[in-house]
Structure formats: structure tokens, C-alpha cells
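> Sequence isn't available, so here's the structure alone:
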């Protein structure tokens, strides 16, 4: 049993009730994210292609031009890394949303007497 599920822990720290989850609102937020990510992917694709071209140019460039090329690559790489970090955060948030929606569905299945389905999906979805 996990330590935060043990009685002594629950007595020390009262569990705060969860906010009611608005499934429709959460799903709409995920749909909006998937619609918006298309533009982000296009931008990343374009920037990565540019970075590839710069790297190919650097390999054949004269020594005086290499410094400029490396500075340009560094600036572009900063931009790419920042975009990836934003995308990674958004994906993680939507993953948590999906997990909460799945937990809510399993709770509803339990309440409706569908315990077998809930147990099967709990194991398959690994929501521990």
C-alpha cells in the first residue's frame, strides 16, 4: 500500500475534496490544443529544415563565415527548444486531463454496477 493511502497519513493530512470535473470543458480544451498544435508543428518543421540547411552550410563554409553560421544556428536552436518545451508542457497537461477523465468514467462505471469493466480498464489504462 502506498504511504499516502495509509490511515496514519490520512489522519495527519485531511484530503481536500476534488473540484467537480467538467468533462465537456476538458474535452473541448484538448480538442482546441490538437487544433492549435498543427501550426506549432509546421513552424517546428520549417525551423528544423532551416537548421539542417545551416548545418550543411557550416560543414563546407570558410573559416570566417563559420562563426556567423554557428551564431545563427544557436539562435534558431534556442527558438526550437523553447517551442518544444511549450509543446511538451501542453501535452503533459492534456495527458493529465485525459487521465482525470478516465478516472471519472471508471468511477461512473462502478456506480452503475459495471465493476468488471472498471477493473479491466483500470488495469489496461494503468491509472495508478
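Yep, it's here. All values derive from a computational prediction rather than experimental measurement.
> what are the ranges of the helices in the protein?
Per DSSP state H, the chain carries helices over the ranges 7-12, 23-60, 63-111, 115-125.
> Throw these into a markdown table and include mean pLDDT and mean neighbour count, thanks.
No exception for glycine: its C-beta is placed from N, CA and C like everyone else's. Shown next, in a markdown table, are the helices of the chain (pLDDT from 0 to 100; neighbours: other CB atoms under 10 Å):
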| stretch | mean pLDDT | mean neighbour count |
| --- | --- | --- |
| helix 7-12 | 72 | 9 |
| helix 23-60 | 93 | 12 |
| helix 63-111 | 92 | 13 |
| helix 115-125 | 84 | 13 |
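> contacting residues around stretch 30-45?
With contacts defined as CB atoms under 8 Å, 6 or more residues apart in numbering, stretch 30-45 is touched by 80, 83-84, 86-87, 90, 94, 97-98.
> again, only using 10 Å
With contact meaning CB atoms under 10 Å, 6 or more residues apart in numbering, stretch 30-45 is reached by 79-80, 83-84, 86-87, 90-91, 93-95, 97-98, 101.
> Show me which pair in those residues is furthest apart.
Across these, the longest distance by CB to CB is 33.2 Å; it joins 79 and 101.
> Contacts only, for residue 79.
Residue 79 touches 43-44, 47, 50-51, counting by CB under 10 Å, 6+ apart.
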